[in-house]
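Chemist: Sequence and predicted structure are below.
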Amino acid sequence: QVHVVEFGGGLVQAGGSLRLSCTASGTIFRLNTMAWYHRAPGETHKLVASITSDGITDYVDSVKGRFIISRDNAKNTMYMQMNSLRPEDTGVYYCNANLIPIAQMEYTGGLDYWGKGTLVNVSS
């Protein structure tokens, strides 16, 4: 069984910083790309940043230069350092992990697992 859990949300003033983390645990054969999605109030999920198992990163334009995504493969954990936060960054941040469970190794392209989300609230 596989679990994906996020940590690190909270309330912060505009201009402040937060660090989110996401850990995938369980019987995992291979952990592929991991990503953060943002769901602002009243909107749908939007991709914010992603990182491959080789450490290649990609960001949506609105967070470039402010957010930094990283991962520790030994710990199956991804991080996102969020700096210069803005009120529009408010919302729930979800972790997505594409991985191959040991029990489902036939899925060579990996399966997507989601965490339950962590709330970030940026006050103006």
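Modeler: Cool, got the structure. Numbers count the residues shown, from 1 in each chain.
Chemist: who's in contact with the residue of the chain positioned farthest from its centre?
Modeler: The centre of the chain is farthest from one residue, residue 106, which by Cα atoms, centre = their mean lies 25.3 Å away. For residue 106, no contacting residues are found, by Cβ atoms under 8 Å, 6 or more residues apart in numbering. Every C-beta, even on glycine, is put in place using the N, C-alpha and C of the backbone.
Chemist: how close does it get to residue 78?
Modeler: 25 Å (Cβ to Cβ, to the nearest Å).
Chemist: picking that back up, just the pLDDT at the residue farthest from the centre of the chain, thanks.
Modeler: Looking at residue 106, its pLDDT stands at 86.
Chemist: For the residue nearest the centre of the chain, give its distance to residue 97.
Modeler: Nearest to the mean C-alpha position of the chain, by Cα atoms, centre = their mean, lies residue 36 at 2.9 Å. Residue 36 sits at a distance of 11 Å from residue 97 (criterion: Cβ to Cβ).
Chemist: what sits in contact with each of those two?
Modeler: Common neighbours of residue 36 and residue 97 (criterion: Cβ under 8 Å, 6+ apart): 22, 78.
Chemist: Work out for me the element residue 35 sits within.
Modeler: Assigned by DSSP states H and E, residue 35 belongs to strand 28-39.
Chemist: Can you dump the C-alpha atoms of that strand in CSV for me?
Modeler: Extracted as CSV, the C-alpha positions of strand 28-39 are listed here (Å, rounded to 0.1, in the frame of the first residue of the first chain):
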residue,chain,number,x,y,z
ILE,A,28,7.4,1.4,-3.8
PHE,A,29,9.4,0.0,-6.6
ARG,A,30,10.2,3.3,-8.3
LEU,A,31,9.3,6.9,-7.6
ASN,A,32,9.2,9.0,-10.8
THR,A,33,8.2,12.6,-11.2
MET,A,34,6.7,14.4,-8.2
ALA,A,35,4.8,17.7,-8.5
TRP,A,36,2.9,20.3,-6.5
TYR,A,37,-0.5,21.5,-7.5
HIS,A,38,-2.4,24.5,-6.2
ARG,A,39,-6.1,24.8,-5.8
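Chemist: elements contacting it?
Modeler: Under the contact criterion of 3 or more Cβ pairs under 8 Å, 6 or more residues apart in numbering; DSSP states H and E, strand 28-39 touches strand 18-26, strand 46-51, strand 77-82, strand 91-101.
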